[in-house]
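Visitor: Just need the structure, nothing else, for what follows:
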Amino acid sequence: MADSSVTLVSLRGLRSAPQVSAPDCQRLQQELRTAIASCEWFTVGVMAPSAQDAVAALRSLEQGLGWEALALDPSGEDLASIDGPVFLKGNQNNGRFLVRRESGLGEGILITGHNPVDPTVEDTWGPLPLQLFS
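Guide: Numbering: from 1, shown residues only. This is a model prediction of the structure:
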């Protein structure tokens, strides 16, 4: 069921992202863009039912926010060999992401904004729906 009162603040502390309607996704996208505007770079965590779902959510987030695509870290596992739930950790500072098996997590996207010049604007947002920018 969609909840029209979903905001970035209301997502704090949730284990999984709620399902939201298309208009609510648009509102969350705009709220997120405003919140991240003062940050210089980001780390991203994606909790997903599969490696493919995690990478798809990352790619849609990158495209939706106009971010440069992160590369798979060569030190990590081959994505095709990972079965079941995963956690993807992406880091714009080093331009890479890793995916690891991880059961017992919720589902959603976590974004942490970083700004060494003004740490007061740093924050973590989410869990956001995996399909927020789809």
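Visitor: Give me the pLDDT value at the residue nearest to the spatial centre of the chain.
Guide: By CA atoms, centre = their mean, the chain has its centre lying nearest to residue 109, at 3.0 Å. Listed pLDDT for residue 109 reads 97.
Visitor: Check the residue lying closest to it once chain neighbours are set aside and give its pLDDT.
Guide: Spatial nearest neighbour of residue 109, chain neighbours left out: residue 128 (4.3 Å); criterion: CB to CB, 6 or more residues apart in numbering. Just so you know, the C-beta spots here come from the backbone N, C-alpha and C atoms, and that holds for glycine as well. On pLDDT, residue 128 comes in at 96.
Visitor: Look up how far residue 106 lies from residue 128.
Guide: As defined by CB to CB, to the nearest Å, residue 128 lies at a distance of 12 Å from residue 106.
Visitor: One more: residue 57?
Guide: Distance of residue 57 to residue 106, computed by CB to CB: 13 Å.
Visitor: Compare neighbour counts for the two and give me the winner.
Guide: residue 57 (25 against 12; other CB atoms under 10 Å).
Visitor: Which residue of the protein lies farthest from its centroid?
Guide: Largest centre distance within the chain, by CA atoms, centre = their mean: residue 117, 23.3 Å.
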